[in-house]
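Novice: I would like to see how this sequence folds:
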Amino acid sequence: MAVRVAHARKLGNFSVLVSHVLVPPSISAILQSPGNRVQAFLGPGHVCTVMGTSEYQPLARHYGCPSW
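Specialist: Got it, this is the predicted structure:
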């Protein structure tokens, strides 16, 4: 709503920083790294509370690296 109001008022000094990030692709990139020595991941609890842990289970199976 703030974006709509700012647009309607033609505010020139209004900006929004959107920084949504997906963790599973980052974990996958780390685990694919040739020098990888990671043995486990401590998952983001605040994300898992909302989304659950289903996105991390395939990574754990595929790479043999547990995530809690």
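Novice: Quick check: the most centrally placed residue in the chain vs Val16, distance?
Specialist: Using CA atoms, centre = their mean, the residue of the chain that lies closest to the mean C-alpha position is Leu22, 2.6 Å off. Look at Leu22 and Val16: by CB to CB, to the nearest Å, they are 19 Å apart. Backbone N, C-alpha and C define where each C-beta goes, glycine included.
Novice: Next: Tyr56.
Specialist: Counting by CB to CB, the gap from Tyr56 to Val16 is 29 Å.
Novice: More neighbours: those two, which one.
Specialist: With neighbours defined as other CB atoms under 10 Å, Tyr56 and Val16 compare such that Tyr56 has more, 21 against 7.
Novice: Span of stretch 52-60 from start to end?
Specialist: One end of stretch 52-60 sits 15 Å from the other (CA to CA, to the nearest Å).
Novice: what sits up against that stretch?
Specialist: The contact list for stretch 52-60 (CB atoms under 8 Å, 6 or more residues apart in numbering) reads 23-24, 27-28, 31, 41, 43, 48, 65-67.
Novice: at 10 Å instead, please
Specialist: Applying CB atoms under 10 Å, 6 or more residues apart in numbering, the contact partners of stretch 52-60 are 22-25, 27-28, 31, 40-41, 43-44, 47-48, 65-68.
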